[in-house]
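1. pasted the sequence and its predicted model underneath.
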Amino acid sequence: MRITRSLLLQLIKEAVGDEFFGPLIAEIRANPDVVIDLDWLQDNGFTLLGKGKYRFVYGLPDEQMFVLKVARGIFFNPNTRERDIISKSAAYGSADNLTEVTYFNEFPRVFPKAYVHAPIENIGGKEGTLWLIVEKVNVVGKEAPNIVNAIKTYMPIVYSFILEQDINFSEDNLNEQIKQKWYDIIFSMDANKMGVLQYPVDVLKTVFKRAFGEKFTPEDFEYLATNDPKFREITIADESIGMAYRELRGDNLGVTKSNNLVIIDASTVDTV
């Protein structure tokens, strides 16, 4: 068989992957469906770290640098030894995985690094990939002090802009007020993208299932994207992949080992 340059590069990449991640990851690359067998995952030391609407996140055995993301809604049938797709979550989760495979490394300042992934295929009616392995990060979380600290540290212009809004500094809940303003900004950006920013606050609450304390304008977004480097990086990446800005909530932000604020989940599905 004649080995072409592209095949040689592929073989080198796979060999490096095996050496770097070890035989266990080589096995799931050779047999992608083993990751939907819960018994197999448990027997081999994978730990469930969390789950979202469309995906599971597992810790790798004896490895603190990476996590495994697997599409939900797929059941391993021990009788047929095949996969059964039991929910639309499979299509959405695998599509999200493919989005991250495609874009994470294109925007390394905004997303964690993506490494090994399952083959791209049709899963539940959508093109996607069953699983991928990405860089593990420290999640910022939903708590107001953590969110405020992340904004202050990595987006200082955004932080200063928020402090200039209608905030009562005499109240004890300063962090909660700042968190609310941050969420108002990112939800307003989605409302603007959807063409509903001009709607009354009560209508927006119905659309987004969340109360608005204040609506921000496209001029505000332009100011922040122009003046805050991290916010500009995020805006460019979000617009490139069609991601909802409300994905910038605290539990979807993380800090890498190299001290970089990133977006953990690049879902482009749930936009309304």
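-> Perfect, I can see it now.
2. C-alpha only now, for contacts and for neighbours.
-> OK.
3. quick one: low-confidence ranges for the stretch 51-200 of the chain?
-> Scanning the stretch 51-200 of the chain for pLDDT under 70 picks out no residues.
4. repeat that with 80
-> 62-64 (pLDDT under 80).
5. now the strands for it?
-> 55-59, 66-71, 74-77, 82-85, 114-117, 120-123, 126-129, 131-135, 138-139 (DSSP state E, counting those that start in this stretch).
6. could I get those as a markdown table with mean neighbour count and distance to residue 198?
-> Shown next, in a markdown table, are the strands of the stretch 51-200 of the chain (neighbours: other Cα atoms under 10 Å; distance: least, Cα to Cα, whole Å):
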| stretch | mean neighbour count | distance to residue 198 |
| --- | --- | --- |
| strand 55-59 | 21 | 34 |
| strand 66-71 | 24 | 36 |
| strand 74-77 | 17 | 41 |
| strand 82-85 | 15 | 41 |
| strand 114-117 | 20 | 38 |
| strand 120-123 | 16 | 38 |
| strand 126-129 | 21 | 34 |
| strand 131-135 | 23 | 39 |
| strand 138-139 | 16 | 33 |
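7. could I get those strands as JSON lines with distance to residue 216?
-> Putting the strands of the stretch 51-200 of the chain into JSON lines (distance: least, Cα to Cα, whole Å) gives the following:
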{"stretch": "strand 55-59", "distance to residue 216": "32"}
{"stretch": "strand 66-71", "distance to residue 216": "34"}
{"stretch": "strand 74-77", "distance to residue 216": "40"}
{"stretch": "strand 82-85", "distance to residue 216": "42"}
{"stretch": "strand 114-117", "distance to residue 216": "34"}
{"stretch": "strand 120-123", "distance to residue 216": "39"}
{"stretch": "strand 126-129", "distance to residue 216": "35"}
{"stretch": "strand 131-135", "distance to residue 216": "33"}
{"stretch": "strand 138-139", "distance to residue 216": "27"}
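8. I'd like to know which of those strands lies nearest to residue 260.
-> strand 138-139 (10.3 Å; Cα to Cα).
9. elements contacting the closest one?
-> If you count contacts as 3 or more Cα pairs under 8 Å, 6 or more residues apart in numbering; DSSP states H and E, strand 138-139 packs onto strand 253-255.
10. so what touches the strand it packs on?
-> Strand 253-255 has contacts (Cα atoms under 8 Å, 6 or more residues apart in numbering) with 137-141, 261-264.
11. pull out the buried residues from those residues.
-> Neighbour-count burial (16 or more other Cα atoms under 10 Å) applied to those gives 137, 139-140, 261-264.
12. ok so, going back, of the strands of the stretch 51-200 of the chain, which is nearest residue 38?
-> Closest approach to residue 38 among the strands of the stretch 51-200 of the chain (Cα to Cα): strand 74-77, 8.2 Å.
13. kindly format the C-alpha coordinates of that closest one as PDB.
-> Extracted in PDB, the C-alpha atoms of strand 74-77 (Å, rounded to 0.1, in the frame of the first residue of the first chain):
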ATOM      1  CA  ILE A  74     -28.000   6.700  23.800                       C
ATOM      2  CA  PHE A  75     -28.300   3.300  25.400                       C
ATOM      3  CA  PHE A  76     -26.000   0.300  25.100                       C
ATOM      4  CA  ASN A  77     -28.100  -2.800  24.500                       C
END
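14. starting from it, tell me which strands it pairs with and how they run.
-> strand 82-85 (antiparallel) (DSSP bridges).
15. can you map out the helices along the protein?
-> 5-21, 23-30, 38-43, 89-103, 144-154, 156-163, 174-194, 201-208, 218-227, 229-241 (DSSP state H).
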